[in-house]
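Asks: Sequence plus the predicted model coming up.
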Amino acid sequence: MYQILFPLRQWMRNKALSERSLAIETGQSRLSIRALFSSQTNFNIKSLLKVATYFDQNIAIISYSNSDVDSTTTAVSYRILRDGFNSWKIHLMNMVDEYRASLDIRIFLLPPAKESDERILALMASVVDQLCFESKVATPHWAQKTYFLQQPWFLSETESLKAFAILESPIAFKKNNIFVLDNFLMRA
């Protein structure tokens, strides 16, 4: 199983390119470009490389089983990019659930997409660091870094809970200026 995880539409918007103009610029057919958009199985790896090179991006090809695709930090970050900032709640918590069910550290080995909002990078690093601490496993190098946010981020968004969040937040979150309630990583 594979999935193409890169923000092609965003890159095209940044350069004001249409599918047709991208196809011309990269020497690809429009069908090849569309195959990359829809993650069809008939895309050509050379087409993928040409498009990535055009946007001055590197690509990594990583193979996963069907069950692993949705739960990695990299995949989750691209889903958040695709679905919008506020989608982090569902995507991130699905990753947490998958990790707790499997305790498979491979879910966290690769960092989130560099294009991610700084809050998402900080939050994902905090979550991964906290889960690794709870599981008594080594935190991946990328999540050990500090992603300190200039403005504090209270995830509860309820004014009356901010004081509790300041007191209850684990150090993995506080070090990045993120404040959560002690039950943040718990699900029913």
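Replies: Yep, that arrived. Numbering: from 1, shown residues only.
Asks: could I have the one helix or strand residue 89 maps to exported to CSV, CA atoms only?
Replies: Under the criterion of DSSP states H and E, residue 89 resides in helix 88-102. Taking Å, rounded to 0.1, in the frame of the first residue of the first chain, the C-alpha atoms of helix 88-102 are listed here in CSV:
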residue,chain,number,x,y,z
TRP,A,88,-5.9,18.2,13.9
LYS,A,89,-8.2,17.0,16.7
ILE,A,90,-9.5,14.0,14.9
HIS,A,91,-6.3,13.1,13.0
LEU,A,92,-4.0,13.5,16.0
MET,A,93,-6.2,11.6,18.4
ASN,A,94,-6.6,8.7,15.8
MET,A,95,-2.8,8.5,15.8
VAL,A,96,-2.8,8.5,19.6
ASP,A,97,-5.3,5.7,19.6
GLU,A,98,-3.3,3.7,17.1
TYR,A,99,-0.1,4.0,19.1
ARG,A,100,-1.8,3.1,22.4
ALA,A,101,-3.4,0.0,20.7
SER,A,102,-0.1,-1.2,19.1
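Asks: mind listing what's buried in that helix?
Replies: Within helix 88-102, the residues scored as buried using 16 or more other CB atoms under 10 Å are 88, 91-93, 95-96, 98-99. C-betas here are computed from N, CA, C, even on glycine.
Asks: ok, those vs residue 18, which is closest?
Replies: residue 91 (28.9 Å; CB to CB).
Asks: I'd assumed residue 82 was in contact with that closest one.
Replies: No - the criterion here is CB atoms under 8 Å, and residue 91 misses it with residue 82 at 9.5 Å.
Asks: All set, thanks.
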